[in-house]
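>>> Next come a sequence and a model predicted from it.
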Amino acid sequence: MEFVGREEELQNLHQLLQDNKQVAIAAISGMGGVGKTELALQYAIQYRETYNGGLCWLLPKTGDVGIQVVQFARTQLDLNPPEDFDLLAQVQYCWRRWREGHVLLVLDDVSDYEQVKPYLQSLPSRFKVLMTTRQKLGRIAQLSLDVLQPEAALELLKSLLKETPGRIEKELALANQLCEWLGYLPLGVELVGRYLARKQDLSLAEMLRRLKNKRLDERSLSKSKSEADMTAQRGVLAAFELSWQELEDDDKQLGCLLSLFAAAPIPWKLVEQSLPEEDAEDLEEIRDDRLLNLHLVQRKGEGSYQLHPLLREFFQYKLTGLDKGEELKRSFCRVMVEIAQYIPDSSTLEQITAVSPAIPHIAEVANNLIQYVSDDDLYWPFYGNAKFYNTQGLYNQALPWYEKCLEVTKNRLGDEHPDVATSFNNLAFLYGFQGRYSDAEPFYIQALALRRKLLGDEHPDVATSFNNLAFLYGSQGRYSDAEPLYIQALALTRKLLGDEHPDVATSFNNLAVLYYSQGRYSEAEPLHIQALALRRKLLGDEHPSVATSFNNLAVLYYSQGRYSEAEPLHIQALDIFERRLGVNHPNTVNVREGLAYLRDRLSLEQ
């Protein structure tokens with residue numbers, strides 16, 4: 001197998017070892033399976049001429065390092081330290097009489113630096129010490145290893161399958177997916193590559209399917225007895241197990257909680273909210289002194305952390321045996337539901353930016369943990385994701401969330417439940433935006449019928465159904481069907497919610513749009529003005545709904561040839577949309593185009 005993807009690290013490591021005038025101790029740190037031992041071995045091979053005093057490879061995990069040094073000196077250097085010396089004195093005796101020249105000492109897999117430190121303090125300056133470790137070792141010069149770059153991971157996979165040329169090229173996309181699923185972890189890529197090399201009839205597609213199905217239990221991730229030439233001594237699961245054994249119970253709980261989040265950066269505040277009974281400072285200590293120190297979690301930015309994909313699999317694997325596992329899942333789901341509930345139906349750019357980091361984690365609940373969400377909250381993980389995309393005008397991305405919401409609520413709650421009616425309504429609403437009117441109508445009608453049956457004729461949700469069905473009919477030009485529904489919606493909303501409510505303003509606006517579509521401008525204008533005034537009063541001058549009212553009134557004036565009155569309204573609408581929704585939002589684009597048409601008209605008249 002070729003050594004790929006670490007050329008820069010080799011050079012950096014050599015520089016680290018040469019920089020100190022006396023004793024240079026460089027630690028190659030990183031999570032299990034990242035290739036620390038292999039890098040140390042390749043360094044020793046490539047720079048062997050630098051160390052004419054020889055190489056001594058020590059294994060702290062297998063026994064006392066001092067005893068190993070003395071044994072090496074006796075067998076390899078013909079040194080005989082006096083037996084009446086204590087062990088430290090015998091080691092110092094060996095250092096003083098070591099073969100001439102620069103010497104490289106490799107301490108592979110150091111878990112407790114204090115145990116080896118006494119033997120290193122009296123080293124002559126010609127000795128260079130290289131340690132591999134999963135931990136951070138304080139002030140010691142350190143080279144931290146990350147996973148491979150995607151190109152290097154693919155190159156490593158190719159090098160393992162060179163006996164079957166063209167195999168990777170034939171399934172290149174799948175090869176890339178395979179490396180991605182393995183999180184570009186060298187040990188994972190090497191184990192899977194060697195497994196594929198032994199199984200020449202196994203396609204990459206089938207290999208990927210097995211990994212996704214069996215996960216860390218997939219046999220390709222275990223080290224085969226036939227792989228005697230591998231640097232790594234164990235498979236992925238066993239490599240991670242070593243770090244797990246160094247954790248306390250609270251450390252393990254935090255790692256398992258992090259595994260419930262999606263394979264995406266995790267805002268730390270969400271972690272704290274998921275463990276409300278734990279002290280925030282204690283959690284920080286566990287994160288920084290244990291999980292980060294052992295390279296079990298990565299810092300992705302200010303207040304943001306993430307697990308490597310295979311470590312996430314490992315912690316989920318361990319979660320099944322954790323006493324508080326079920327409790328952690330319910331607590332995590334509760335936090336995600338609360339965030340989903342606070343996503344507005346009409347979100348501004350600022351609100352979208354604020355909630356964006358939580359979206360993949362809400363999706364994780366909807367896709368994989370929905371059984372831990374109560375019946376009362378079942379609807380929210382799906383609706384939260386749908387709102388996030390819908391409010392940005394990303395209707396194709398919102399659609400599967402609306403569809404899945406309907407499917408899941410019906411399956412668990414039955415056909416006759418208010419949340420099922422709401423799911424019908426929301427799916428129909430999106431179909432209407434996409435111009436799929438024939439798909440939308442039966443869902444709107446089902447939603448209205450179910451709401452009247454379950455909630456009675458006088459309920460705000462019934463008014464909403466009247467309003468939405470009317471909007472659909474208006475969009476189809478079925479004005480005689482739409483008008484009585486709009487009037488019913490307005491009357492019912494005012495009766496139930498009073499004259500000063502955002503839903504009343506929406507009813508004014510929708511009825512005005514209907515009249516405008518029919519050319520009934522004199523009836524539309526006062527309703528648009530009422531809607532605008534009420535929205536400004538209730539929502540403030542900067543709300544996107546206010547911008548919608550500005551724009552609708554501007555369009556009305558444009559249609560009447562009242563261009564000078566329309567222009568400032570268009571400008572106000574565009575300004576609000578650009579600042580609150582962004583320059584590329586569909587609403588912003590529509591208003592910008594409308595203003596351009598208006599200005600073309602004004603220029604022609606001048």
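Sure, I can see it.

>>> Going by C-alpha atoms from here, please, whenever you check contacts or count neighbours.
Will do.

>>> Point out where this structure drops to low pLDDT.
Filtered on pLDDT under 70, the chain yields the residue ranges 1-3, 20-25, 223-234, 605-606.

>>> which residues touch Arg580?
Thr348, Leu349, Glu350, Glu542, His543, Pro544 (C-alpha atoms under 8 Å, 6 or more residues apart in numbering).

>>> And Lys410, by the same measure?
By C-alpha under 8 Å, 6+ apart, Lys410 lies in contact with Val420.

>>> for Arg536, same thing?
Arg536 neighbours (C-alpha under 8 Å, 6+ apart): His543, Val546.

>>> Relative to Glu500, how far out is it?
To Glu500, Arg536 is 11 Å away according to C-alpha to C-alpha, to the nearest Å.

>>> just Leu41 next, same as before
Separation of Leu41 from Glu500 (C-alpha to C-alpha): 75 Å.

>>> again, but for Ser144
61 Å.

>>> Ok, Leu87 next?
From Leu87 across to Glu500, the span is 87 Å (C-alpha to C-alpha).

>>> Neighbour count for the two, which is higher?
Per other C-alpha atoms under 10 Å, whichever of Leu87 and Glu500 has more neighbours is Leu87, with 17 against 13.

>>> where exactly do the strands run in this protein?
24-29, 54-58, 103-107, 127-133, 141-144, 266-267, 298-301, 304-306 (DSSP state E).

>>> which one of those strands lies closest to Pro81?
strand 54-58 (17.3 Å; C-alpha to C-alpha).

>>> That closest one packs against which elements?
With contacts defined as 3 or more C-alpha pairs under 8 Å, 6 or more residues apart in numbering; DSSP states H and E, strand 54-58 has these neighbours: helix 65-77, strand 103-107.

>>> Save the strands of the chain as JSON lines, and put in mean neighbour count and distance to His361 too.
Converted to JSON lines, the strands of the chain look like this (neighbours: other C-alpha atoms under 10 Å; distance: least, C-alpha to C-alpha, whole Å):
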{"stretch": "strand 24-29", "mean neighbour count": "25", "distance to His361": "29"}
{"stretch": "strand 54-58", "mean neighbour count": "18", "distance to His361": "44"}
{"stretch": "strand 103-107", "mean neighbour count": "22", "distance to His361": "40"}
{"stretch": "strand 127-133", "mean neighbour count": "24", "distance to His361": "32"}
{"stretch": "strand 141-144", "mean neighbour count": "20", "distance to His361": "28"}
{"stretch": "strand 266-267", "mean neighbour count": "20", "distance to His361": "8"}
{"stretch": "strand 298-301", "mean neighbour count": "15", "distance to His361": "16"}
{"stretch": "strand 304-306", "mean neighbour count": "19", "distance to His361": "12"}
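
>>> any chance of the ones you listed in JSON lines, with distance to Ala512 too?
Listed next are those as JSON lines, based on distance: least, C-alpha to C-alpha, whole Å:
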{"stretch": "strand 24-29", "distance to Ala512": "67"}
{"stretch": "strand 54-58", "distance to Ala512": "83"}
{"stretch": "strand 103-107", "distance to Ala512": "79"}
{"stretch": "strand 127-133", "distance to Ala512": "70"}
{"stretch": "strand 141-144", "distance to Ala512": "64"}
{"stretch": "strand 266-267", "distance to Ala512": "44"}
{"stretch": "strand 298-301", "distance to Ala512": "49"}
{"stretch": "strand 304-306", "distance to Ala512": "47"}
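
>>> Select, out of these, the one closest to Tyr113.
strand 127-133 (9.3 Å).

>>> just to revisit the earlier point, to Ala238, which of the strands of the chain lies closest?
Using C-alpha to C-alpha, the strands of the chain put strand 127-133 closest to Ala238, at 15.8 Å.
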